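S.K.: Fold the stuff below for me.
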Amino acid sequence: MQIPYFKNQELKQKADEFRIKNWGDSVPVEIEQIIESKLGIGIIPIPGLYKQCNADALISSDWKTIYVDNDNYIDDRYYNRLRFSLAHEVGHFILHKDLYSSFEISSVEDFYNLIERIGDKYGIIEGHANRFANFLLVPREKLGIEKEKVLQTHPEIKEFETATVNSYIAIPLSKIFEVSQDVIEISLSNNK
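M.R.: Presented below is the predicted three-dimensional model:
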């Protein structure tokens, strides 16, 4: 079984191309709208999905459905997390379509079989999908612009070390991009 490997620059390019084609360059990126309207993929809430397989979302091998944890779907506290999970599944759609299709995933059991068959390589494809989702929801060009705006309103924080500055500005930036503060901090530390 051949697992594709993508460098960060390739993932960024693929995410940027996908976003521009399906959304444009505005933020926040409305990932649900893209999935349902542009890709024609249904989003189906499943009660207890996270408890069953420790996943917020799963995409089927026929690329017609993304299953999401119902509790997270209806709870606004998980809105940003769910957005990232949906973008992650789009990452699999773009990056791993051939691989996933070969596994015929249509149930939680099929998902477990995939993990078992791939073994340690599963972490590689998950890392790809995570980085793709990050690049998709947090376009680096927009991040740079918004970061400068925040820094202009608080010039005194520029004197602190980078990690402290990133942690501080992650709060307002997370609201602009509608992702978690952790996603913004990762984006800021890997602003390429």
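
S.K.: Now do the worst-scoring helix or strand of the chain on mean pLDDT: which elements does it pack against?
M.R.: For the chain, scoring each helix and strand by mean pLDDT, DSSP states H and E identifies helix 108-118 as the least confident one, at a mean of 77. Counting contacts by 3 or more CB pairs under 8 Å, 6 or more residues apart in numbering; DSSP states H and E, helix 108-118 is packed against helix 49-53, helix 122-137. From N, CA and C alone the C-beta is placed, and that goes for glycine too.

S.K.: Tell me which of those lies nearest to Ile169.
M.R.: helix 122-137 (16.5 Å; CB to CB).

S.K.: Now do the closest one against helix 108-118, angle only.
M.R.: 110 degrees (axes from the mean of the first three to the mean of the last three CA atoms, to 10 degrees).

S.K.: Just the residues contacting helix 122-137, thanks.
M.R.: With CB atoms under 8 Å, 6 or more residues apart in numbering as the contact definition, helix 122-137 has outside contacts at 3-6, 8, 11-12, 14-16, 18-19, 28-29, 31, 83-84, 87-92, 94-96, 99, 114-115, 118, 177-179, 183, 186-187.

S.K.: Quick check: mean pLDDT of that helix?
M.R.: The average pLDDT for helix 122-137 rounds to 95.

S.K.: Please tell me how far that helix is from the chain's geometric centre.
M.R.: Relative to the centre of its chain, helix 122-137 is centred 7 Å away, using CA atoms, centre = their mean, to the nearest Å.

S.K.: Now it - C-alpha only, CSV.
M.R.: Extracted in CSV, the C-alpha atoms of helix 122-137 (Å, rounded to 0.1, in the frame of the first residue of the first chain):
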residue,chain,number,x,y,z
TYR,A,122,-2.3,6.4,9.5
GLY,A,123,-0.6,9.2,11.4
ILE,A,124,0.9,10.4,8.1
ILE,A,125,-2.4,10.8,6.3
GLU,A,126,-3.9,12.4,9.4
GLY,A,127,-1.1,14.9,9.6
HIS,A,128,-1.6,15.8,5.9
ALA,A,129,-5.3,16.4,6.5
ASN,A,130,-4.7,18.5,9.6
ARG,A,131,-2.1,20.7,7.8
PHE,A,132,-4.4,21.0,4.7
ALA,A,133,-7.3,22.1,7.0
ASN,A,134,-5.1,24.7,8.7
PHE,A,135,-3.9,26.1,5.4
LEU,A,136,-7.5,26.1,4.0
LEU,A,137,-9.1,27.9,7.0
